[in-house]
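>>> Give me coordinates for this.
(2 chains)
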Amino acid sequence: MSIYSSVASNTMPNRVLPVLGCLALALVWLLDLGVIQPNRIVPGTGHGLISAVGGPWAGLVSLVLAGCVLLSFLPLRRRYLPLLGLVGLSLALLPLLLEVFAGRHLPEDAPYARSSIGAGFWCLLFLLSLMLIEILGRLGSGRGLQLMILAVIVGNWLWILRGGGLESLSLVREFNARPDKFEQALWTHLALAFGAVGISAGLAFLLALKMIRSVAWRRPILGAVSFLQTIPSLAVFGLLIAPLSALAAAFPALQAMGIRGIGWAPALLALVAYSLLPMVRNTFVALTEVPESLADAGRGMGMNERQLFFKLKLPLALPVIVEGVRITTIQAIGLTAVAALIGAGGFGSFIFQGLGQAAMDLVLLGALPTIALALLADALLTMLAASL
Amino acid sequence: MRVWLPPVLLTVLLCALSAGMPTLEPLFEWVQPDKQNVVYERESFLFLLQNHLMLVVISALVGTVAAVAGGIFATRPAGRDFLPLVSQIASIGQTFPPVAVLALAVPVLGFGEAPILVALILYGLLPILRNTLAGLEGVDATVRQAALGMGMSPFQVLLQVELPLAGRVILAGIRTSVTINIATAAIGSTIGARTLGDPVIAGLVNGNTAYVLQGAILIGMLALTVDSLFEAAERVWDRRFLPQTAG
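Reported below is the predicted structural model:
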């Protein structure tokens, strides 16, 4: 948090929050908050703020945003705490706007009609999140507080969702149409991404050890793994189809295991290949940057090379290795979505199905969980690295 | 001049492959004996290559200008307030998977080349922004002081001291951004942009491995060619601005 403390003291007027607040105010009035569709495919009619939720709610939204802007101008030392409360509460209660919108506009007698989220709502969500990040930064808050606020907000969203007022939301409808498939996609996605991370972690460890032992191997290994990373994912998935089909055709035993030109096998192989660069680089750097003086101290204490490695070098190198795991995991979660193109399943299958059917809410049903998974993995692994 | 040899050779090979793919028909007939058409013909490979490259180049240019401008703004006294938020956006934004960003662009902007271009620009901006901030923040404060002491204006310091010193890091950011965008643009053919991803997607849909192979080879070649170009550019930069590593 060093950059925050160096910027300005806490009593200086904040210029970031007013800019974000005014932008949110302008966009929420200019763009459509929600859209009502007569059925799944037909493009719907958009509703602006007033028309969507009515005067009192529109007033409340504007008042909250204006309040944030004003509050951030005040030269008070403690203004960030009420700001945090205001912005956090607005974020937590944001789905209520959609509930009010659906309640006002959805015809009772049209079972196929659905409400979907408009650009105005997305902008509001995005800008409020930025404001929250800014406030948390200015407060110099620790990770514990950040996670608690996030948990409260997400918990509240789930609570509103369970209340049933959002049943007509097309995103919820798409989910309700296929809860089993969603769960299956979640597990496939996790299995592929984490399987690839696990395998590549093992491989990378061996490669890094090889690089440490012999200098001659350093350039070829690093060159090979960065070459793999340069090739676009779609090309790698495509290039693996022909050889794997040939393998499966030649060895029926492999085919019985489910190894074919498309499906999980080429996906996992490509994901492992992609994961190698960040993994190898971080593991190698981490293990080689343990200061020689510490190793000498260990030797002086009578440690042999094996003890030296497991008791001294590895623990010291762990934070940087975990950072490599973090980068790899985020990347693998994103690439697993692409792997749906070669029939590997996961959330990507919703994205590409939705794109194929022009059903935008199915696209969202795939894209939003993918983003959520990546953000979650990022948060958890950052915490893990910090605690080591 | 020897540093430019690999990119030039790869470029020639890439163009020759794109133009001469039909002449490799016997090879693809061997790969895919049961199909009538083994060479993708809906669009010429050269056109797809050109379109793919155009998307990447435009997004790289716009992204670079925007990211460098944003980075400069956030590190000037007038914009310092925004520095923490901007650097947070640059790091959190990169957690978003490119496919998801591409997918989210469609509901907002529809199908076709426009949503891809917007997604590529926005997503490609982040690594450049992060590196611009890192590069400018990495300039030694004493160097800046010395330049000001020599009578340079803040604008001259930025143009003649800070940007040249940060340039190498910014260039590395552009390289990362372009590598990601070549891959993302290829996936963009699922939302209606005509790129080298087209043959791959068409091949996957029709079960035609030959199409998939043609697309995949050209996408891979394109990525390698562009990457070798950046490699050469970085070497030239080092030779010019870092005399101690020239040997």
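
>>> What residues does the stretch 151-300 of chain A have near chain B?
Neighbours of chain B within the stretch 151-300 of chain A, by C-beta under 8 Å from any C-beta of the partner chain: A:229-239, A:241-242, A:245, A:261-262. Heads up, the C-betas are built off the backbone N, CA and C, glycines and all.

>>> same thing but at 6 Å, please
A:Thr230, A:Ile231, A:Pro232, A:Ser233, A:Leu234, A:Ala235, A:Gly238, A:Leu239, A:Ile241, A:Ala242 (C-beta under 6 Å from any C-beta of the partner chain).

>>> Any buried residues in the strand or helix carrying the fifth one, and which?
Assignment of secondary structure by DSSP states H and E places A:Leu234 within helix A:233-250. Going by neighbour count (16 or more other C-beta atoms under 10 Å in any protein chain shown), the buried part of helix A:233-250 is A:233-242, A:244-245, A:248.

>>> Which residues are in contact with the residue of chain B found nearest chain A?
Residue of chain B nearest chain A, by C-beta to the nearest C-beta: B:Pro97 (2.7 Å). Listed by C-beta atoms under 6 Å, 6 or more residues apart in numbering or on different chains, the contact partners of B:Pro97 are A:Gly334, A:Ala337, A:Thr370, A:Ala374.

>>> The same query, at a cut-off of 10 Å, please.
Taking C-beta atoms under 10 Å, 6 or more residues apart in numbering or on different chains, we find B:Pro97 in contact with A:330-338, A:347-348, A:367, A:370-371, A:373-374, B:103, B:123, B:184.

>>> The residues you listed in helices, which ones?
With DSSP state H as the criterion, helices contain A:330-338, A:347-348, A:367, A:370-371, A:373-374, B:103, B:123, B:184 from among those.

>>> A:Ala119 contacts A:Leu49, correct?
No. The criterion here is C-beta atoms under 10 Å, and A:Ala119 misses it with A:Leu49 at 11.8 Å.

>>> Between those two, which contacts overlap?
Counting by C-beta under 10 Å, 6+ apart, the residues touching both A:Ala119 and A:Leu49 are A:Leu27, A:Val28, A:Leu30, A:Leu31, A:Asp32, A:Leu33, A:Gly34.

>>> what's across from the last one in the sheet?
So the one you mean is A:Gly34. Listed by DSSP bridges, the beta-bridge partners for A:Gly34 are A:His47, A:Ile117.

>>> who are the neighbours in contact with it?
By C-beta under 10 Å, 6+ apart, A:Gly34 lies in contact with A:44-49, A:51-53, A:97-98, A:100-102, A:104-105, A:115-121, A:169.

>>> what's the distance between it and chain B?
Distance, A:Gly34 to chain B, using C-beta to the nearest C-beta, to the nearest Å: 13 Å.

>>> Any residue of the worst-scoring helix or strand of chain B on mean pLDDT touching chain A?
Lowest on mean pLDDT, DSSP states H and E among the helices and strands of chain B sits helix B:25-31, with a mean of 81. Yes. Counting by C-beta under 10 Å from any C-beta of the partner chain, chain A is contacted by helix B:25-31 at B:Val31.

>>> what residues does that helix touch?
For helix B:25-31, contacts defined as C-beta under 10 Å, 6+ apart pick out A:242, A:245-246, B:21-22, B:35, B:37-40, B:208-214.

>>> Quick check: ChimeraX command selecting the buried ones in those residues.
The buried subset of the contacts of helix B:25-31, as determined by 16+ other C-beta under 10 Å, is captured in ChimeraX by this line:
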select /A:242,245 /B:21,35,38,39,40,208,209,210,211,212,213,214
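
>>> Go through the contacts of helix B:25-31 and flag which are in helices.
Using DSSP H, the contacts of helix B:25-31 in helices are A:Ala242, A:Ser245, A:Ala246, B:Thr209, B:Ala210, B:Tyr211, B:Val212, B:Leu213, B:Gln214.

>>> still on that earlier bit, from the contacts of B:Pro97, list the buried ones, please.
Neighbour-count burial (16+ other C-beta under 10 Å) applied to these gives A:330-338, A:347-348, A:367, A:370-371, A:373-374, B:103, B:123, B:184.

>>> For A:Pro291, give me the pLDDT.
We note a pLDDT of 84 for A:Pro291 in this prediction.

>>> Does it touch A:Ala317 like I think?
No. Using C-beta under 10 Å, A:Pro291 makes no contact with A:Ala317, being 11.5 Å away.

>>> between the two, which one's more packed in?
Comparing A:Pro291 with A:Ala317 by other C-beta atoms under 10 Å in any protein chain shown, the one with more neighbours is A:Ala317, at 22 against 9.

>>> Once you drop chain neighbours, what's closest to the more buried one?
In space, and not counting its chain neighbours, A:Ala317 is closest to A:Ala286: 3.6 Å by C-beta to C-beta, 6 or more residues apart in numbering or on different chains.

>>> Return the residues in contact with the residue nearest in space to the middle of chain B.
Compute the mean C-alpha point of chain B, and by C-alpha atoms, centre = their mean the closest residue is B:Val178, 1.0 Å away. Counting by C-beta under 10 Å, 6+ apart, B:Val178 touches B:56-57, B:59-60, B:63-64, B:120, B:124, B:127-128, B:223, B:226-227, B:229-230.

>>> just A:Ile36 next, same as before
A:Ile36 makes contacts with A:44-47, A:52, A:101-102, A:104-107, A:110, A:113-116, A:118, A:168, A:170, as judged by C-beta under 10 Å, 6+ apart.

>>> Now, of those residues, which are buried?
Neighbour-count burial (16+ other C-beta under 10 Å) applied to the contacts of A:Ile36 gives A:44, A:46-47, A:52, A:101-102, A:104-105, A:113-116, A:118, A:168, A:170.
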